[in-house]
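**Q** just to be clear, the model below is a prediction. Sequence and coordinates:
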Amino acid sequence: MTDQQRPKSVIVIFGATGDLAKRKLFPSIYRLYQNGKISEDFAVIGLARRPWTNDTFRENVEISIEETVSPATDLEEFSSHFYYQSFDVTEPSSYNGLNELLNELEGTYQTEGNRIFYLAMAPEYFGSIANNLRKYGLKETEGWTRLVIEKPFGHDLKSAKELNNQIREAFNEDQIYRIDHYLGKEMVQNIEVIRFANGIFEHLWNNRFISNIQITSSESLGVEERARYYDHSGAARDMVQNHMLQMVALLAMEPPINLTTDEIRSEKIKVLRALRNLTEDEVDENFVRGQYGPGVIRRRNVNGYREEAEELAYSQTETFVAGKVMIDNYRWAGVPFYIRTGKRLAEKATHIVVEFKDIPMNLYYEDQKKNPNLLVISIQPNEGITLFLNAKKSGHGSAAQPIQLSYNNEGVNGINTPEAYEKLLFDCMQGDTTNFTHWDEVANSWEYIDSILETWANREPDFPNYNSGSMGPDEADKLLEKDGFHWWPITDVIK
Ligand SMILES: NC(=O)C1=CN([C@@H]2O[C@H](COP(=O)(O)OP(=O)(O)OC[C@H]3O[C@@H](n4cnc5c(N)ncnc54)[C@H](OP(=O)(O)O)[C@@H]3O)[C@@H](O)[C@H]2O)C=CC1
Ligand SMILES: O=C1O[C@H](COP(=O)(O)O)[C@@H](O)[C@H](O)[C@H]1O
């Protein structure tokens, strides 16, 4: 990439003293810089209320990178591109000051007027920030302007629509980048390639050959420092409405006619529109929620959710969701997509298991034990694909045994690395919205989740109902047992 081709811009981070900026955004920008993916002509403006100076900000940026990226070199030179402005988003006069700083930096760095506004703040501010950016002329530039919005995008369909209307008054859809960091994960992006670049899978990828699909995203961490946000959200809003349903969409979509953003998004939207909305009884039947109690994780005693912070003492918020998602279309009629996600589970891992239907008669297993073929897509911590087949047991006789064909994607990224954010920030700078969610995806996902949340709001949960260190409440296992299936173990098959 020549310097001319590298994206140039000023990145304005609202909420630059916060957790997301520290853990994901600064390290991502650094990795782009380190790998020569952004031009030397870049600047970052950090905004938040606390009275930091440029020096304090740069020191914090350097610390965050030292903690997350290795090796970290040239940190001083890198952090000299970072500027801080004490800024209260609720105070309109702040925006004039920001405009001045932007103009000044655009003179110092040849960023061609390109601006990214990254909203790494509580969602209640998103609408008014977008509006003020327009009102105070910050969008008027010779280059492009893009708005990156963190999740959660609304609290339900109604609030998401209101928020979207507010943002759309100031920005066009093609300027809005609604981030879902799962779409930046290497193996999530690989789902499309595995499906559409392999004849052997695509022919079998339907209700005639697949019995069920399981998606597990388990976390061993608890709520950590985010109790205020999380208790207002819960696992259904925090993980299912976005990351889990995005994975369902990628697994279930039809092949797009080409790889353009519009065609890919349009196929995903069709899947989300085909999700079977549930009646109250169906929610009871097909969805399970849980909240963690105390327990042991890797030989360490951990608190229950209600003991994590004072304000959680009587919380009714779910930290676990398992569900059976049905897609009412020609390809998937009758195939359950089981999803499962939760905090304080036995381990941190995200896996997809595609279980193929069994052969009509099994000649090779004396005990008639069934070993269906499985395709496992390992998303994290290790990345890869494993195909479980049956093959002859060595030696005499014709008995069969399960074997695995594995591909280990060498670029292991580990947990909690900025890698997904790095890719998405780069896409944003290139103007590529493919791996960001379109409003129609957000709206259809909310419509599905709303019916579940409305049912739950009318039921008193019996919490806590799973021990930390387990894989969630027993009901989550029963959900599959009723259909004659079971969760395949999440233990990483890719070593
Ligand atoms: N942290 C994470 O892992 C993830 C976060 N997100 C989303 O990212 C966003 C940010 O989350 P996170 O970083 O964890 O939140 P934090 O609470 O850590 O940070 C919030 C930031 O907003 C600033 N802020 C608060 N009020 C104002 C105000 N009136 N004017 C200006 N700045 C203000 C705070 O700084 P100050 O107090 O100095 O003003 C701080 O920098 C949220 O939407 C969250 O849902 C999404 C996925 C993961
Ligand atoms: O968006 C979120 O995702 C994280 C899990 O992300 P991962 O990349 O570590 O799998 C989750 O912890 C957090 O609660 C949620 O807001």
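**A** Arrived safely. Ligands and ions are numbered 1, 2, ... in the order given.

**Q** number of nearby residues for the residue of the stretch 251-400 of the chain found nearest ligand 2?
**A** For the stretch 251-400 of the chain, the residue closest to ligand 2 is residue 350, as judged by CB to the nearest ligand atom, at 5.8 Å. C-beta coordinates here come from the backbone N, C-alpha and C atoms, glycine included. A count of neighbours around residue 350, defined by other CB atoms under 10 Å, yields 24.

**Q** strands paired with the strand or helix carrying it, and their directions?
**A** Applying DSSP states H and E as the criterion places residue 350 in strand 349-356. Applying DSSP bridges, strand 349-356 is found paired with strand 210-218 (antiparallel), strand 374-380 (antiparallel).

**Q** is the following helix or strand past the first one anywhere near ligand 2?
**A** Note on strand 210-218: by DSSP H and E, the next helix or strand toward the C-terminus is helix 227-233. No: Helix 227-233 lies apart from ligand 2 when judged by CB under 6 Å from any ligand atom; the minimum separation is 6.6 Å.

**Q** tell me which residues of helix 227-233 are tucked away?
**A** Residues 227, 230, 231, 233 are the ones in helix 227-233 that count as buried (16 or more other CB atoms under 10 Å).

**Q** send me that helix as CSV with only the CA atoms.
**A** The C-alpha trace of helix 227-233 is given here as CSV (Å, rounded to 0.1, in the frame of the first residue of the first chain):
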residue,chain,number,x,y,z
ALA,A,227,-23.0,-3.4,36.3
ARG,A,228,-24.8,-0.1,35.5
TYR,A,229,-25.0,-0.7,31.8
TYR,A,230,-25.5,-4.5,32.0
ASP,A,231,-28.2,-4.6,34.5
HIS,A,232,-30.3,-2.3,32.4
SER,A,233,-29.5,-4.5,29.3
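
**Q** which other residues reach it?
**A** 122, 152, 155, 223, 238, 308, 309, 311, 312, 315, 317, 319 (CB atoms under 8 Å, 6 or more residues apart in numbering).

**Q** could you confirm whether stretch 62-80 reaches ligand 2?
**A** No: judged by CB under 6 Å from any ligand atom, stretch 62-80 and ligand 2 are separated, with a smallest distance of 13.2 Å.

**Q** how far does that stretch sit from its chain's centre?
**A** 25 Å (CA atoms, centre = their mean, to the nearest Å).

**Q** picking that back up, pLDDT averaged over the strand holding residue 350 - what is it?
**A** Strand 349-356 carries an average pLDDT of 97.

**Q** quick one: contacts of that strand?
**A** 185, 191, 204, 209-218, 247, 251, 372-381, 485, 488, 490-492.

**Q** same thing but at 7 Å, please
**A** For strand 349-356, contacts defined as CB atoms under 7 Å, 6 or more residues apart in numbering pick out 204, 209-218, 247, 251, 372-381, 488, 490, 492.

**Q** please spell out the ChimeraX selection for the buried subset of these.
**A** For the buried members of the contacts of strand 349-356, the matching ChimeraX selection, counting by 16+ other CB under 10 Å, is:
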select :204,210,211,212,213,214,215,216,217,218,247,251,372,373,374,375,376,377,378,379,380,381,488,490,492
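
**Q** contact residues of the stretch 251-400 of the chain facing ligand 2?
**A** Counting by CB under 6 Å from any ligand atom, the residues of the stretch 251-400 of the chain near ligand 2 are residue 350.

**Q** so which of the contacts of helix 227-233 wins on neighbours?
**A** residue 319 (31 neighbours).

**Q** spatially nearest residue to it, not counting backbone neighbours?
**A** Spatially, and ignoring its direct neighbours in sequence, residue 319 is nearest to residue 343 (4.6 Å; CB to CB, 6 or more residues apart in numbering).

**Q** count of residues packed around the one you found?
**A** 24.

**Q** from the contacts of helix 227-233, list the ones also adjacent to ligand 1.
**A** Applying CB under 6 Å from any ligand atom to the contacts of helix 227-233, those adjacent to ligand 1 are 122, 152.

**Q** in the stretch 1-150 of the chain, what residue comes closest to ligand 2?
**A** Of all residues in the stretch 1-150 of the chain, residue 150 sits closest to ligand 2, at 9.0 Å by CB to the nearest ligand atom.

**Q** can you pull the contacts of that residue?
**A** Counting by CB under 7 Å, 6+ apart, residue 150 has contacts 20, 119, 120, 179.

**Q** of the residues you listed, which is the nearest to residue 134?
**A** Taking CB to CB as the measure, residue 119 is the one of the contacts of residue 150 closest to residue 134, at 14.0 Å.

**Q** so the closest one is in contact with residue 126, correct?
**A** Yes: Residue 119 is in contact with residue 126 according to CB atoms under 7 Å; the separation is 5.5 Å.

**Q** okay, now stretch 481-491: how far is its last residue from its first?
**A** 20 Å (CA to CA, to the nearest Å).

**Q** in that stretch, what counts as buried?
**A** By 16+ other CB under 10 Å, the buried positions in stretch 481-491 come out as 485, 487, 488, 490.

**Q** now swap in stretch 331-347 and tell me
**A** 331-332, 335-346.

**Q** ok, so of those residues, who is nearest ligand 1?
**A** residue 343 (12.8 Å).

**Q** what residues are up against the closest one?
**A** Residue 343 neighbours (CB under 7 Å, 6+ apart): 219, 221, 222, 223, 292, 319.

**Q** can you do 10 Å?
**A** 218-224, 230, 235, 238-239, 290-292, 305, 308, 318-320, 468 (CB atoms under 10 Å, 6 or more residues apart in numbering).

**Q** check residue 112 too.
**A** 7, 8, 9, 10, 39, 41, 106, 141, 142, 143, 144.

**Q** quick one: secondary structure of it?
**A** Look at residue 112: counting by DSSP: H, G, I helix; E, B strand; the rest coil, its state is coil.

**Q** all strands for the stretch 201-350 of the chain, in order.
**A** Per DSSP state E, counting those that start in this stretch, the stretch 201-350 of the chain has strands spanning 210-218, 287-290, 292-297, 300-302, 320-325, 337-342, 349-356. These are given in chain order.

**Q** and the two most separated of the buried residues of stretch 331-347?
**A** Greatest spatial distance among the buried residues of stretch 331-347 (CB to CB): 331 and 344, at 35.7 Å.

**Q** was I right about residue 236 contacting residue 243?
**A** No: when contacts are counted by CB atoms under 10 Å, residue 236 is not listed as touching residue 243 (11.5 Å).

**Q** any residues in contact with both of these two?
**A** Common neighbours of residue 236 and residue 243, using CB under 10 Å, 6+ apart, are residue 341.

**Q** export only the CA atoms of stretch 375-383, formatted as PDB.
**A** Listed next in PDB are the C-alpha coordinates belonging to stretch 375-383 (Å, rounded to 0.1, in the frame of the first residue of the first chain):
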ATOM      1  CA  LEU A 375     -18.800 -29.200  11.000                       C
ATOM      2  CA  VAL A 376     -17.400 -27.100  13.900                       C
ATOM      3  CA  ILE A 377     -16.400 -23.500  13.200                       C
ATOM      4  CA  SER A 378     -14.200 -22.300  16.000                       C
ATOM      5  CA  ILE A 379     -14.400 -18.500  16.400                       C
ATOM      6  CA  GLN A 380     -12.400 -18.000  19.600                       C
ATOM      7  CA  PRO A 381     -10.100 -18.400  21.400                       C
ATOM      8  CA  ASN A 382      -8.600 -20.600  18.700                       C
ATOM      9  CA  GLU A 383      -9.700 -20.100  15.100                       C
END
